[in-house]
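Asks: Sequence first, predicted coordinates after that:
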Amino acid sequence: MNVSSLQLGLGMALGIHLLVAASGCAVSSDSEVPYGSPDSDGTVDPVGGKADCVGSSCAENVSLRCDVVVAGGTTAALAAALTSAREGANTCLLEPTDWPGGQLTAGGVPAVDFAWHKVNGYDVGAVAKDARNLPKEFVQWMDATGNPGGCWVSKNCFEPKGLLSNHILPALSRESGNLTVLLNTVVKRVQTEQADGRTRISSLTAIQREAKEGVTWGGHDRRLSEEMQDWYSTVNSARYTKTVTRITSDRTGGPVVIDATELGDVLVLSGAPYLQGVESSDGGTEIASDTCGQATVFPFVMRYNSEAVSDNALPVEPDHPEFYGLGNSTWDKIWTYRRVKGSGGVAAGQLSNQNWNPGNDYAYGYLFKSKSSAANEVSDWRGGVNYDVLERAERHAIGWYHWLREHEPSGQGDRLSMAADVFGTAHGLSKFPYLRDTRRSIGIDDFVLKGSDLDSGATGKTGRVFADRIAIGAYNGDIHPLLTCALPSYLGDELHALPFFIPLRALTNDGVENLLVAGKTMAQSFRANAAIRLHPIEYSSGIGAGAAAAAMVQQDIGDTRTLVSHYADVQSRVVKYAPIDWTVQGTKYPRPGDAVDTPEP
């Protein structure tokens, strides 16, 4: 397998292919010399340890050298990989699905969440949607994409395949000189080394899968709960041929690694300190519960046909059908809420994206295993996921589809069907669930960005001003709580965030020197994450992480603590692609003389 000229197939639904090459990445085949040692029976585990394959079940082994490794699956990962490559760093992006872009694409939320709220009459939403306050490329993509769905939750609701083919894939292709993209690839193992009491990542082991002949939809013919553990298996299976790739760097001390995953894989596998669930206090590192967090949702798209059709969705028995309902809305408003095709009232030919609470939100179980259970899984990592919750979330989503069909107000629910082609899966659900929270880093010197950093500051117009700011964002704190646990009382009041700043410190980890984070894995509290988890903010933090990684490589910076002291270099890179200051009614914030929080030397 020639990874340096990897063919990127986007599955049956998209029907196009893209070639992304990385001329700077060295690749070698280790087919004859697997990484593990032969067991007593002659079998070999490609990543070392207990033997688990024999003969044709053994995956191919290759080596790959990249100076920046973006472990991805999120909107932040896409931005980080593009920025790192554009800044001249030899970069690898590991994407677990075949649709890069995170919640914009595989996560099934192609209805972009922009801030809408006001704080004491201050129109935060208008400031947040001002193009001067958004990443340049993101604005270009959204302006070109428009709102073909005429939805009312956003100014941009669309089918993800158009964004992929018109913008995301061409952008990745243009950076092919510095960028290698491995689709359908997950992180299996993180190798670390100790020096002078400090921990560094020396290499990563990733597993790439290729659907075998006869497996349709690129493997998305079955639900994720039936497939995902196979993604992490090191051996060839009945459905997939695997390639096990060990990724290293020629840099002294190993590659710069960015954990921009949906599951925080690198945080767990590297032994890095991290938060999960809810803390006892906003910004503290004591965890109140590591299995209490936000609800998970599998979005899907429904088609309104011109005549009655056969119901094409799986028959399911959801655990909690009593959760379904219109709330304070109407069926028509729910239909148009995230509609991705159509305009005006409900009509034939329209496509409606469903991400609704109380609807397909699954609020009856936390997706992540506890920290102790995840630690016990490190030797054979499968994502640290509660697969029972994952399966129940899928059934709950499909049950919502059936509920909407049955409650269509004109009595023509038999004209509704699951629009499987829109999300590129046979079952119609998104390729990956939309996660509102995940495992989160603890930054250098135990830094954690707090909710209070977002809703107050000396300027009166923004949150706390950081000297090392590398991204900005704005959104109200939006928590979709689980119904199976009680959140701490301090989370009872909604966070009314001002336009805020994200510091470089939030992209670091206190325990692993060459590890950066972006998106939902940032060093942030549960309360802060509720306002930071949206599309444009993820993209902005990804730009910051990509610029920071490139600075580490090109300035030969060995650790993120030193990197933070060079924050001006990172900022000079970021501003090519996105603002780090706010423009509010023509005034730049922070203003000269405003109080600024400066990192410790």
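Replies: Right, received. Where do you want to start?
Asks: residue closest to the middle of the protein?
Replies: Thr74 (2.3 Å; CA atoms, centre = their mean).
Asks: ok, the nearest residue to that one once chain neighbours are set aside - how many residues close by?
Replies: The shortest distance from Thr74 to any non-neighbouring residue, by CB to CB, 6 or more residues apart in numbering, is to Gly102 (3.8 Å). C-beta: built from backbone N, CA, C; applies to glycine. When neighbours are defined as other CB atoms under 10 Å, Gly102 has 31 of them.
Asks: would you say Ala531 is within a helix?
Replies: Yes: with DSSP: H, G, I helix; E, B strand; the rest coil as the criterion, Ala531 is assigned to a helix.
Asks: Quick one: neighbours of it, just the number.
Replies: Ala531 has 27 nearby residues by other CB under 10 Å.
Asks: Can you name every helix or strand that the longest strand belonging to the chain contacts?
Replies: In the chain, assigned by DSSP state E, the strand with the most residues is strand 198-211. Applying 3 or more CB pairs under 8 Å, 6 or more residues apart in numbering; DSSP states H and E, we find strand 198-211 packed against strand 185-195, helix 224-231, strand 240-248.
Asks: Show me what counts as buried in it.
Replies: Neighbour-count burial for strand 198-211, with 16 or more other CB atoms under 10 Å as criterion, is recorded at 199-201, 203-211.
Asks: cool, stretch 358-368 as well?
Replies: Neighbour counts over stretch 358-368 (16+ other CB under 10 Å) mark 359-368 as buried.
Asks: For it, output the C-alpha coordinates as CSV.
Replies: The C-alpha trace of stretch 358-368 is given here as CSV (Å, rounded to 0.1, in the frame of the first residue of the first chain):
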residue,chain,number,x,y,z
PRO,A,358,-37.3,16.3,22.8
GLY,A,359,-36.8,14.1,19.7
ASN,A,360,-33.8,12.1,18.7
ASP,A,361,-31.7,13.5,21.5
TYR,A,362,-30.7,10.5,23.7
ALA,A,363,-30.8,11.6,27.3
TYR,A,364,-30.8,8.2,29.0
GLY,A,365,-27.2,7.3,29.2
TYR,A,366,-23.7,8.8,28.9
LEU,A,367,-21.7,7.6,25.8
PHE,A,368,-18.3,7.4,27.5
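Asks: ok so, going back, turn the helices and strands packed on strand 198-211 into TSV, columns for mean neighbour count.
Replies: TSV is the format used below for the helices and strands packed on strand 198-211 (neighbours: other CB atoms under 10 Å):
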stretch	mean neighbour count
strand 185-195	20
helix 224-231	18
strand 240-248	23
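Asks: want to try CSV for those, with mean pLDDT as columns?
Replies: Listed next are the helices and strands packed on strand 198-211 as CSV, based on pLDDT from 0 to 100:
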stretch, mean pLDDT
strand 185-195, 96
helix 224-231, 98
strand 240-248, 98
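Asks: Turn the ones you listed into CSV, columns for distance to Gly473.
Replies: Putting those into CSV (distance: least, CB to CB, whole Å) gives the following:
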stretch, distance to Gly473
strand 185-195, 26
helix 224-231, 29
strand 240-248, 30
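Asks: Can you say which of those is nearest to His396?
Replies: Set against His396 and scored by CB to CB, the helices and strands packed on strand 198-211 come closest in helix 224-231, at 11.8 Å.
Asks: For that closest one, give me every contacting residue.
Replies: For helix 224-231, contacts defined as CB atoms under 8 Å, 6 or more residues apart in numbering pick out 96, 184, 186, 207, 209, 219-220, 237, 239-240, 382-383, 385, 387, 390-391, 394, 429, 431-433.
Asks: Could you pick out the buried ones from those?
Replies: For the contacts of helix 224-231, buried by 16+ other CB under 10 Å: 96, 184, 186, 207, 209, 219-220, 237, 239-240, 382-383, 385, 387, 390, 394, 429, 431-433.
Asks: Just give the number of residues close to Gly55.
Replies: By other CB under 10 Å, 8 other residues sit near Gly55.
Asks: returning to that earlier point: and which of the buried residues of strand 198-211 is nearest to Gly284?
Replies: Thr199 (23.1 Å).
Asks: Would you mind confirming that the residue nearest to the centre of the chain is in contact with Leu263?
Replies: No: applying CB atoms under 8 Å, one finds Thr74 not in contact with Leu263, separated by 10.0 Å.
Asks: Confirm that Thr83 sits in a helix.
Replies: Yes: looking at Thr83 with three-state DSSP, it is inside a helix.
Asks: switch to numbering from 14
Replies: All right, first residue 14 from here; so that's Thr96.
Asks: Before we move on, what's the pLDDT of it?
Replies: pLDDT for Thr96: 99.
Asks: which residues touch it?
Replies: 555-556, 558-560, 563, 586-587, 590.
Asks: Who wins on neighbours among those?
Replies: Neighbour counts for those, by other CB under 10 Å, peak at Ala558, which reaches 37 neighbours.
Asks: Ignoring the adjacent residues along the chain, who's closest to that one?
Replies: Leaving aside its sequence neighbours, Ala558 sits nearest to Ala531 (CB to CB, 6+ apart; 3.7 Å).
Asks: Count the neighbours of the one you found for me.
Replies: 35.
Asks: With Ser502 instead?
Replies: Counted with other CB under 10 Å, residues neighbouring Ser502 total 7.
Asks: Check the gap between it and Thr298 for me.
Replies: Plainly put, Ser502 is 19 Å away from Thr298 if you go by CB to CB, to the nearest Å.
Asks: swap in Asn191?
Replies: With distances taken as CB to CB, Asn191 is found 36 Å from Thr298.
Asks: again with Asp209
Replies: The gap separating Asp209 from Thr298 is 24 Å, by CB to CB.
Asks: the more surrounded of the two?
Replies: The residue with more neighbours, out of Asp209 and Thr298, is Thr298; 17 against 4, by other CB under 10 Å.
Asks: May I ask which helix or strand encompasses that one?
Replies: Assigned by DSSP states H and E, Thr298 belongs to no helix or strand.
Asks: now what about stretch 596-614, what contacts it?
Replies: With contact meaning CB under 8 Å, 6+ apart, stretch 596-614 is reached by 140, 143, 145-146, 458, 470-472, 474-475, 477-481, 512, 516-518, 577-578, 580, 594-595.
Asks: Any quick PyMOL command for the buried ones out of those residues?
Replies: Selecting only the buried entries of the contacts of stretch 596-614 in PyMOL, with 16+ other CB under 10 Å as the criterion:
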select buried, resi 140+143+146+470+471+472+474+475+477+478+479+480+481+512+516+517+518+577+580+594+595
